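Asks: here are the coordinates; sequence isn't available:
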Ligand code: GLC
């Protein structure tokens with residue numbers, strides 16, 4: 001079961017590499033650079049949605065689940081990519097979006113056109129309003145109400161953008177369509193799926209108001225029974241999907257995007273007959289503090305063990321501010337996720353880079369699989385000052401232009417050269433502007449420089465492969481270094497020491513430093529650094 005300890009590289013396709021010069025990443029760009037990804041030493045890629053889409057939410061508004069958007073390429077190119085990736089030893093995960101379709105999906109177009117009470121409307125959640133008000137008080141994750149009215153007066157539910165109508169998962173046709181869509185891609189050699197907002201599909205019958213609970217809860221998570229997040233009935237869907245995946249040889253796998261508060265709730269998705277893995281967002285949001293990280297690791301391992309599942313470790317993705325910039329906040333005492341949490345708090349990017357290096361060794365020393373987000377291997381920071389007229393994330397508009405949203409972590413990668421578009425593609429521009437200050441961060445500028453972030457990532461990934469204990473040996477915390485140091489033993493001969501205290505820490509004698517995130521002089525590991533030591 002390759003996914004139990006794999007390192008998976010997230011390809012945000014719009015921003016990875018552009019083959020045709022239109023400034024938007026595409027399949028041709030990705031195929032060109034599969035060798036770069038394989039050369040990092042990862043085991044698989046997860047590709048964000050590449051399906052036909054009006055791109056109201058960067059492709060998470062799908063209008064055809066069984067094709068490729070012409071801006072990204074063709075279905076034939078997608079098939080070729082899967083074959084080429086496999087030849088390089090990379091498995092391929094796609095991204096499935098079951099909670100909602102695009103409003104341009106033929107089902108929704110038909111539902112609007114065929115009117116109240118029509119069977120086509122039953123695939124979605126259409127309801128009459130309350131007077132001139134929406135059917136209930138739910139709000140959209142991107143801001144504003146979760147309901148929009150169609151010309152005949154009915155309202156439809158959208159937990160995200162109005163261009164993303166929520167599907168009705170009580171409809172058998174919806175269930176069958178998605179099971180067949182999984183098969184469509186599995187038949188083309190795809191190794192698995194990341195499941196978008198996996199905890200949202202099922203809504204409480206009657207769609208009751210949130211009432212006081214609305215104010216008490218952060219959007220996109222829940223605490224206790226909730227009418228649209230993490231409902232019990234959703235597990236039935238994943239039991240069916242598991243049967244679909246298990247019918248293949250080798251069996252296909254899933255990773256759930258489920259923003260639930262508690263690892264206890266997350267592990268319910270990972271019972272033996274459900275999903276294989278889920279993103280560990282508790283780890284992603286943990287502050288850079290020994291106590292918090294240790295507690296997070298303990299809870300994660302305990303909850304996964306309880307259901308026999310393999311944990312995952314992730315620090316960045318296309319929805320959150322890059323962790324280099326999060327860790328650059330010296331006062332990182334509160335969990336942070338979005339750019340909005342960071343703005344106005346002074347940043348020390350060098351500190352962020354030191355911590356990112358240390359975090360990599362910690363992450364790679366934990367038992368389970370690891371997700372890396374494209375560009376973190378280049379040490380890219382969040383772009384916090386994109387011009388307002390460049391922002392395209394629906395969050396910006398839906399928040400009434402108060403929340404700049406997620407574009408800052410989606411800026412196209414810098415590959416080469418000393419000015420934008422930094423070799424992103426043959427064209428002159430990129431769909432989001434790159435900062436001129438990225439010249440030293442291009443893959444070209446870093447390649448071959450042993451002090452660079454890129455070579456450091458390559459070395460760490462190589463070392464993880466070369467040290468079998470990291471995948472197989474039992475895990476244990478060691479506490480002799482004090483409360484502000486995380487020390488992890490993987491078998492008798494391997495130790496990962498992460499110094500989150502303010503002063504240097506003495507590494508154990510008679511050990512060899514295999515890899516360290518900063519120079520170790522006289523056996524002293526500096527603050528905000530980590531080392532892998534072997535006996
Ligand atoms: C997930 C995606 C995010 C998207 C949302 C709605 O959270 O990762 O990018 O906006 O779902 O599909």
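Replies: Received, thanks. This structure is a prediction, so every number in the text was calculated from the model and none was measured.
Asks: In which helix or strand does the residue of the stretch 201-350 of the chain found nearest the ligand reside?
Replies: As assessed by Cβ to the nearest ligand atom, the ligand sits closest to residue 319 within the stretch 201-350 of the chain, at 4.7 Å. (Each C-beta comes from the backbone N, C-alpha and C, glycine too.) With elements delineated by DSSP states H and E, residue 319 resides in a region that no helix or strand encompasses.
Asks: Give me the phi and psi for the closest residue to it other than its chain neighbours.
Replies: Of all residues not flanking residue 319 in the chain, residue 406 sits nearest, at 5.5 Å (Cβ to Cβ, 6 or more residues apart in numbering). Comment: the main-chain dihedrals of residue 406 come out as phi -110, psi 10, following degrees, to the nearest 10.
Asks: Counting neighbours, what do you get for the residue in the stretch 1-150 of the chain that the ligand sits nearest to?
Replies: Each residue of the stretch 1-150 of the chain has a distance to the ligand, by Cβ to the nearest ligand atom, and the smallest belongs to residue 60, at 3.3 Å. The criterion is other Cβ atoms under 10 Å. On that basis, residue 60 has 25 neighbouring residues.
Asks: What distance do you get for the residue lying closest to it once chain neighbours are set aside to residue 2?
Replies: With sequence-adjacent residues excluded and distances taken as Cβ to Cβ, 6+ apart, residue 60 is closest to residue 97, at 5.5 Å. Plainly put, residue 97 is 24 Å away from residue 2 if you go by Cβ to Cβ, to the nearest Å.
Asks: Compare neighbour counts for the two and give me the winner.
Replies: The residue with more neighbours, out of residue 97 and residue 2, is residue 97; 24 against 13, by other Cβ under 10 Å.
Asks: returning to what we had before: which residues does the residue nearest to residue 60 contact?
Replies: Listed by Cβ atoms under 8 Å, 6 or more residues apart in numbering, the contact partners of residue 97 are 49, 60, 61, 62, 65, 196, 197.
Asks: mind redoing it with 7 Å?
Replies: For residue 97, the set of contacting residues under the criterion of Cβ atoms under 7 Å, 6 or more residues apart in numbering consists of 49, 60, 62, 196.
Asks: what does residue 257 give?
Replies: 194, 195, 196, 197, 198, 279.
Asks: What about these, which are in strands?
Replies: Counting by DSSP state E, the part of those found in strands is 194, 195.
Asks: Could you list which of the contacts of residue 257 also contact the ligand?
Replies: Subset of these in contact with the ligand: 196, 197, counting by Cβ under 6 Å from any ligand atom.
Asks: Same list, the contacts of residue 257, but as a markdown table with neighbour count and pLDDT please.
Replies: Conversion of those to a markdown table gives the following (neighbours: other Cβ atoms under 10 Å; pLDDT from 0 to 100):
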| residue | neighbour count | pLDDT |
| --- | --- | --- |
| 194 | 26 | 98 |
| 195 | 25 | 98 |
| 196 | 19 | 98 |
| 197 | 22 | 97 |
| 198 | 27 | 97 |
| 279 | 21 | 97 |
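Asks: For this protein, give me the ranges with low pLDDT.
Replies: Counting by pLDDT under 70, the low-confidence segments of the chain come to 215-224, 332-335.
Asks: tell me the centre residue of it?
Replies: The structure's the chain has its C-alpha centroid closest to residue 317; by Cα atoms, centre = their mean the separation is 3.9 Å.
Asks: What sits closest to that residue if chain neighbours are left out?
Replies: residue 373 (5.1 Å).
Asks: got it, and residue 327?
Replies: Nearest-residue entry for residue 327: residue 355, 3.9 Å, with adjacent residues in sequence omitted and distances by Cβ to Cβ, 6+ apart.
Asks: Which phi and psi values does the one you found adopt?
Replies: As for residue 355, its main-chain torsions (degrees, to the nearest 10) stand at phi -70, psi -40.
Asks: Go ahead and confirm it touches residue 293.
Replies: No: the pair residue 355 / residue 293 is not scored as a contact, 11.3 Å apart, by Cβ atoms under 7 Å.
Asks: returning to what we had before: the contacts of residue 97: which two are farthest apart?
Replies: By the measure Cβ to Cβ, these have their two most distant members at 62 and 196, which lie 9.4 Å apart.
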